[in-house]
Every structure is written in C-alpha cells, then in structure tokens.
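how would this look folded up:
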Amino acid sequence: MKRWTVSLAALWPALGQAATLEVSQLGPLWALPFVGILLSIALCPLWAPHFWHRHFGKVALGWALMFLLPLALSQGPALAAGVVTHTLVAEYLPFTILLVALFTVSGGIYVRGNLHGSPGLNTGLMALGAVLASFMGTTGASMLLIRPLIRANDNRRHAVHVIVFFIFIVSNAGGSLTPLGDPPLFLGFLQGVSFFWTVRHVGPEMVFVCGVLLAMFYGLDSYWYRKEGVVPLDPTPDTPRVGLDGMVNLLPLALIVGLVLLSGVWKPGVNVSVLGQQVALQSLVRDAGLLGVTALSLQLTPRAVREANQFSWGPMAEVAKLFVGIFITMAPVLVMLQAGVNGPFADLVRWVSTPEGQAIPLAYFWLSGWLSAFLDNAPTYLVFFNLAGGEASTLMTQGAQTLAAISAGSVFMGAMSYIGNAPNFMVKAIAEDRGLRMPSFFGYMGWSFGLLLPVLALMSWVFFA
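This is a model prediction of the structure:
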C-alpha cells in the first residue's frame, strides 16, 4: 500500500513530525469532496455558467478545503499539511510543469495557411495527430493541431463532432505507443517497463481503436458535409501556401523529449528534500529543465507567431486551477483503492481476480479504465500495476496481457469524460474560446458513451476476453 508520508519540519518546525494518511482512518465518506468537485465541473457550467467561468478556481479550492479542514480537525494539522505537500511536490507540480512545457512549445508552432475542412483532410489531420501523440505527448499533439483543425472547419455549420473525435483520438488513444505519449505509461517506464514494450503489446489495440474511430469519423463527417455544406463566406482568408512558422520550437520540443527520457534512464540514487518530501535528483533535474525549456520557448518564439496562433494562458490556467483541487480531493480515494481487499473498496478490487487469485485481464481493463475516466489516470495506473504484482519483469512476460489491459484502460478510457485526461479540458477550452459551443460535461459523455464505448467494448472482447 502506498503511504503518504511527509516530514513537515522544514515547512512548519513547530509541527516537526511525520504525517501519514492511513486507510484505517478513512471511510467512503472521505470521497465526498472528490465527488463534489466532479459534480461541480459537470453541473455548474450548465446551471450557473457565468458564476462558474468567473469562480471555478474558488470552487475547486472550496472542495479541497472540505476535505482538508475535517482532516485537520479530526486527525491533526500535520496530517492535512502532509497530504498537501505530498500532493503538490510528488504529483501535481511535476504533472503541471510537463503540461505547461508542452502547452507553451506547441503553442509557439503555427500551422500557416487556410486548410479546408473536408472529411478527408479532417481524418488525415487526426491520423497524423494519433501518430504524433505517442512521441510528443497527447498534450503536445493536441495543442499543435487543434487550432489549425478549428480554423479549417470555421466555415462548417456543424463542427462539434470534429472536436469530440479529436479528443477521442489525438488527446487520448493516440498516446498509447510509448511512455512519452501519456503519463500512465511514463510511470510504468519509471517502474521498469521497457520503452518499446507498449509498442509491441498495446500497439495492436491502439491501431484497432484509432482505425475504427477514424472510419466512424469519416462516415459521420461525410454525412454532415454533404447534408449541411459550408457557410458562403470562409472567415479565414486563404494564403498562398501552407507551412509552419515557429519551427525554432522544434528544439525545445526535442529537449522535452530528452529530459523525460533522461529522468527514466539516469538514476544516480540521490534524493533531495523538498518541503519534507524526498524527491529523486533526476526528477528535480527534469522539472527544472522543463521550466527552462518553457522560458526558452517564450524567448525564442516571435510574438507574431503566438498572436497568429491566438495563444493565451486561459486553457492552461483552467486546467491548473481545477486539477489542484482534483489531486487533493483524490488523495483519500487513491489510498482506499490501494488498500485492495483490506480497504473500503474491497468489492471493486475482487472483480479483477478469480477466486484462485488469477488476474482477469478483461476486468483489469474495465476497472482501471472507468477509474481513469474520472480519476487522474496516472496514479490509477500505478494502483492497478501494484495490484497485479508490481514487478515489471514479471508483468512484461507472464503478466503481459494484464499489463496491456491496465495500460489500454488507463489511456483509452481517459476520453470518456472531460476530466479523464488534461488535454481534454484544454481542447474544450480552446474550442470555446474560438466560439464553438461544446457539449456540457454530461453532453460530452453522451458522445463518448454512444460512440467510443462500443468501440472499446469490441476491442476489449477481441484482445482481453
């Protein structure tokens, strides 16, 4: 079981004690703040859109305090402070720093020219994004291609389905081939899973899912294209040729890839205390390097390129504010899950094994997938990785089908809701900033349940049953 242990002496000397969140101190009611923040994200934009867009950060903070204040009163301020510092140092900050770097660098590359959003072009852009996502991350590929895709379809009468399928394919399923693609696979890489293992063992599932989704999209987009056509005037004027501006950002992008790889292969065995947390030196070097790369991209990119891209910090700020609340309120939920059959969610855990203790890959796919759709998929992956044994060399061989099921569930089903994966929210925010009326939280789930879920069900039956 993972323990949330933090020495607080460096931050609050008066406390000067270790703080550990134990499953014995928790019960299902501690999950209510997490459920509350999810419902707020789902319902407030529908019921109180003006309030939400002005105060969503305060709402996220409020739910975090509804967990932390009772924790501090019942079990002491050291424990509450320990949960906060652990969440910030070990999870939230590394997660956000990587997103900021990818968001900044990809936002400095401008696809020049007015592409025309025909079904063939749209499908081709998504196929390209699916390939790029495994090598520059789902965030990087999404931020690079979402703006030209919106611009290409800005004279289409119906374009929301384009953005929804983009989230399915580029922001999620496409990132399943390498540890660079999606945070869960990167965590597996850090646990000892070889870099190209996912290409061999999750590649067929990725090709199946993306292939079926691309075919579905082409059929649906062709129908709307023929039925509704385009508006008479294209708001984006044609330019003489299509090309890339801001190609200087290919250097920062390569540095991001290098820093992520370095943190996985260079293990000097040195830890540094940060707010009482022991952080591996390679992780600090990676995060410091990513901040440097972000600054380098801002310095090198001509202002005109970012202006042409309509780059703004709004989508990143929304993700950062909401996810700090999600990460904090998620802490007790993960601890209870990690307790396995000894925790409050024992019945859920029993679903993934036979009475004889044999792993059921199909159950691992669906349970890790459903939790990844509403929890952060990276720690969820680790929960099931450890539940399946936690030994990379064994899971890559005898347990290969189980590890593939956990990997596929964590990555593919991040597309089931807006909060399943950070790029989902970014793409939604950018689309709305460009004037597209995106589906609500439950409206989007109507799309994912109606179109994505049957594809995943078929894939799971073919590969994991």
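
roughly how far apart are residue 223 and residue 258?
Separation of residue 223 from residue 258 (C-beta to C-beta, to the nearest Å) stands at 44 Å. From N, CA and C alone the C-beta is placed, and that goes for glycine too.

residue contacts, residue 38?
326, 374, 419 (C-beta atoms under 8 Å, 6 or more residues apart in numbering).

Quick check: mean pLDDT of the helix or strand harbouring it?
Assessed by DSSP states H and E, residue 38 sits inside helix 32-47. For helix 32-47, mean pLDDT is 85.

swap in stretch 254-263?
pLDDT averaged over stretch 254-263 gives 87.

Identify each buried residue in that stretch, please.
Of the residues in stretch 254-263, 255-257, 259-261, 263 count as buried by neighbour count, 16 or more other C-beta atoms under 10 Å.

Of the residues you listed, which is the nearest to residue 194?
residue 261 (12.7 Å; C-beta to C-beta).

Would you mind writing the CA trace of the helix or strand hosting that closest one as CSV?
Assigned by DSSP H and E, residue 261 falls within helix 250-265. The C-alpha atoms that make up helix 250-265 are tabulated as CSV, following Å, rounded to 0.1, in the frame of the first residue of the first chain:
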residue,chain,number,x,y,z
LEU,A,250,11.3,22.0,-32.6
LEU,A,251,14.5,22.4,-30.5
PRO,A,252,12.6,22.9,-27.2
LEU,A,253,10.3,20.1,-28.1
ALA,A,254,13.4,17.8,-28.6
LEU,A,255,14.7,19.0,-25.2
ILE,A,256,11.4,18.0,-23.6
VAL,A,257,11.7,14.5,-25.0
GLY,A,258,15.3,14.3,-23.9
LEU,A,259,14.5,15.4,-20.4
VAL,A,260,11.7,12.9,-20.0
LEU,A,261,13.9,10.1,-21.2
LEU,A,262,16.7,11.2,-19.0
SER,A,263,14.6,11.0,-15.9
GLY,A,264,13.8,7.4,-16.7
VAL,A,265,17.2,6.1,-17.6
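
Could you list every helix and strand that that helix packs against?
helix 93-106, helix 119-152, helix 183-190, helix 281-300 (3 or more C-beta pairs under 8 Å, 6 or more residues apart in numbering; DSSP states H and E).

by how many degrees do the following helix or strand past the longest one and helix 119-152 diverge?
Toward the C-terminus, helix 119-152 is succeeded by helix 160-169 as the next helix or strand (DSSP H and E). An angle of 100 degrees separates the directions of helix 160-169 and helix 119-152 when computed by axes from the mean of the first three to the mean of the last three C-alpha atoms, to 10 degrees.

what does helix 160-169 contact?
Here helix 160-169 makes contact (C-beta under 8 Å, 6+ apart) with 117, 122, 126, 129-130, 142, 145-146, 149-150, 153, 156, 210, 213-214, 216-217, 220-221, 224, 415, 423-424, 427-428, 431, 436-439, 444, 447-448, 451-452.

these two touch, right, residue 182 and residue 412?
No. Using C-beta atoms under 8 Å, residue 182 makes no contact with residue 412, being 9.8 Å away.

still on that earlier bit, could you redo the buried residues of stretch 254-263 as CSV and give each row distance to residue 464?
Compiled in CSV, these are given as follows (distance: C-beta to C-beta, whole Å):
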residue, distance to residue 464
255, 37
256, 33
257, 30
259, 34
260, 28
261, 29
263, 31
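
any low-confidence regions in this structure?
1-19, 114, 229-242, 376, 379 (pLDDT under 70).

centroid residue for it?
residue 421 (2.7 Å; C-alpha atoms, centre = their mean).

Nearest spatial neighbour of it, chain-adjacent residues omitted?
In this structure, residue 421 finds its nearest non-sequential neighbour in residue 414, 3.6 Å apart by C-beta to C-beta, 6 or more residues apart in numbering.

Need the nearest residue in space to residue 417, chain neighbours excluded.
In space, and not counting its chain neighbours, residue 417 is closest to residue 373: 5.1 Å by C-beta to C-beta, 6+ apart.

Confirm that that neighbour sits in a helix.
Yes. Remark: residue 373 belongs to a helix, assigned using DSSP: H, G, I helix; E, B strand; the rest coil.

so what's it up against?
413-417, 420 are the contacts of residue 373 under C-beta under 8 Å, 6+ apart.

switch the cut-off to 6 Å
Residue 373 is in contact with 413, 416-417, 420, counting by C-beta atoms under 6 Å, 6 or more residues apart in numbering.

still on that earlier bit, out of the contacts of residue 38, which is nearest to residue 347?
Using C-beta to C-beta, these come closest to residue 347 at residue 374, 17.8 Å.

show me the contacts for that closest one.
Contacts of residue 374 (C-beta under 6 Å, 6+ apart): none.

I'd like to know how far it sits from residue 184.
Residue 374 is 15 Å from residue 184, by C-beta to C-beta.

now residue 225
Distance, residue 225 to residue 184, using C-beta to C-beta: 35 Å.

When these two are compared, which one has more neighbours?
Just comparing residue 225 and residue 184: by other C-beta atoms under 10 Å the higher neighbour count belongs to residue 184, 29 against 19.

give me the element the nearest residue to the more buried one once chain neighbours are set aside is part of.
The shortest distance from residue 184 to any non-neighbouring residue, by C-beta to C-beta, 6+ apart, is to residue 381 (3.5 Å). Secondary structure from DSSP H and E places residue 381 in helix 377-387.

neighbouring contacts of that helix?
Contacts of helix 377-387 (C-beta under 6 Å, 6+ apart): 183-184, 187, 334, 337-338, 368, 371-372, 406, 410, 414.

and if you look at stretch 102-109?
For stretch 102-109, the surrounding residues in contact (C-beta under 6 Å, 6+ apart) are 137, 139-140, 143-144, 246, 249, 252-253, 294, 297, 301, 305, 309, 311, 316.

could I get the contacts of residue 373 as CSV with neighbour count and distance to residue 70?
CSV is the format used below for the contacts of residue 373 (neighbours: other C-beta atoms under 10 Å; distance: C-beta to C-beta, whole Å):
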residue, neighbour count, distance to residue 70
413, 28, 31
416, 25, 30
417, 21, 27
420, 29, 28
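
Check those and tell me the two furthest apart.
Across the contacts of residue 373, no pair lies farther apart than 413 and 417, at 9.1 Å, counting by C-beta to C-beta.

Which parts of stretch 243-252 count as buried, going by neighbours?
Those buried within stretch 243-252 under the rule 16+ other C-beta under 10 Å are 245-246, 248-249, 252.

between those residues, which is closest to residue 75?
Distances from residue 75 to the buried residues of stretch 243-252, taken by C-beta to C-beta, are shortest for residue 252, at 43.9 Å.

if we can go back for a sec, ok, of the contacts of stretch 102-109, which come out buried?
137, 139-140, 143-144, 246, 249, 252-253, 294, 297, 301, 305, 309, 311, 316.

Could you pull out the helices in the stretch 351-465 of the chain for me?
In the stretch 351-465 of the chain, the helices defined using DSSP state H, counting those that start in this stretch lie at 361-374, 377-387, 392-395, 400-412, 422-433, 441-447, 453-463.

Check the offset of the helix holding residue 381 from the chain's centre.
14 Å (C-alpha atoms, centre = their mean, to the nearest Å).
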